[in-house]
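Participant: coordinates only, no sequence provided:
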């Protein structure tokens, strides 16, 4: 059984609002997976689905922003992790530092807002950590990005559902 079907089956045993929050908190789905599920499968209205998904997507953000630095500092005591974090920071700064230097928090907001794989709140937290963005600034930029992504995903979901409904009528 594909993972998506397993997730839907597992989440079917809990209230739809809770399932929407939990699925949007997961790093591999975030609200990009939760909103279509909430509207298309659970039948939640778009505003409720959006609000629940934004709440769920933001749940891991504060712990991630607070604990990525202490955890990485602790792990760097071990050679393998020190090598990994040195590689990660060097690579990230080399590939993205010009964008973040030029656009700052707007770059972080846009990065989180683009509803594509490997973007979103979880990766935005990692980027904020790597670039040393202050907690409150990172939190606000990520929240703005999540809200924009939620609007985009909700609009695309509704358009898709509308298109499918129209096709069935023809």
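Facilitator: Received, thanks. All values reported here derive from a predicted model rather than from experimental measurement.
Participant: for the longest helix belonging to the chain, buried residues please.
Facilitator: Secondary structure of the chain read by DSSP state H shows that its longest helix is helix 135-169. Buried residues in helix 135-169, counted by 16 or more other Cβ atoms under 10 Å: 138-139, 141-150, 152-154, 157-158. C-beta here means a position set from N, CA and C on the backbone, and glycine is covered the same way.
Participant: again with stretch 112-127
Facilitator: So, applying 16+ other Cβ under 10 Å, buried residues of stretch 112-127: 112-113, 115, 119-125, 127.
Participant: quick check, pLDDT for the residue lying closest to residue 125 once chain neighbours are set aside.
Facilitator: Nearest residue to residue 125 in three dimensions, chain neighbours excluded: residue 64, at 3.9 Å (Cβ to Cβ, 6 or more residues apart in numbering). For residue 64, the model assigns a pLDDT of 94.
Participant: can you start the count at 22 instead of 1 from here on
Facilitator: Sure, I'll start numbering at 22, so the last one becomes residue 85.
Participant: ok, residue 85 touching residue 143?
Facilitator: Yes - Residue 85 is within contact range of residue 143, at 6.9 Å (criterion: Cβ atoms under 8 Å).
Participant: return the distance of whichever strand or helix holds the residue nearest to residue 146 from the chain's centre.
Facilitator: Residue 85 is part of helix 82-96 when elements are defined by DSSP states H and E. In terms of Cα atoms, centre = their mean, to the nearest Å, the centre of helix 82-96 is set 17 Å apart from its chain centre.
Participant: list the helices and strands it packs on?
Facilitator: helix 100-124, helix 142-151, helix 156-190 (3 or more Cβ pairs under 8 Å, 6 or more residues apart in numbering; DSSP states H and E).
Participant: go again with 6 Å.
Facilitator: Helix 82-96 is packed against helix 142-151, helix 156-190, with contacts defined by 3 or more Cβ pairs under 6 Å, 6 or more residues apart in numbering; DSSP states H and E.
Participant: who's in contact with residue 141?
Facilitator: residue 51 (Cβ atoms under 6 Å, 6 or more residues apart in numbering).
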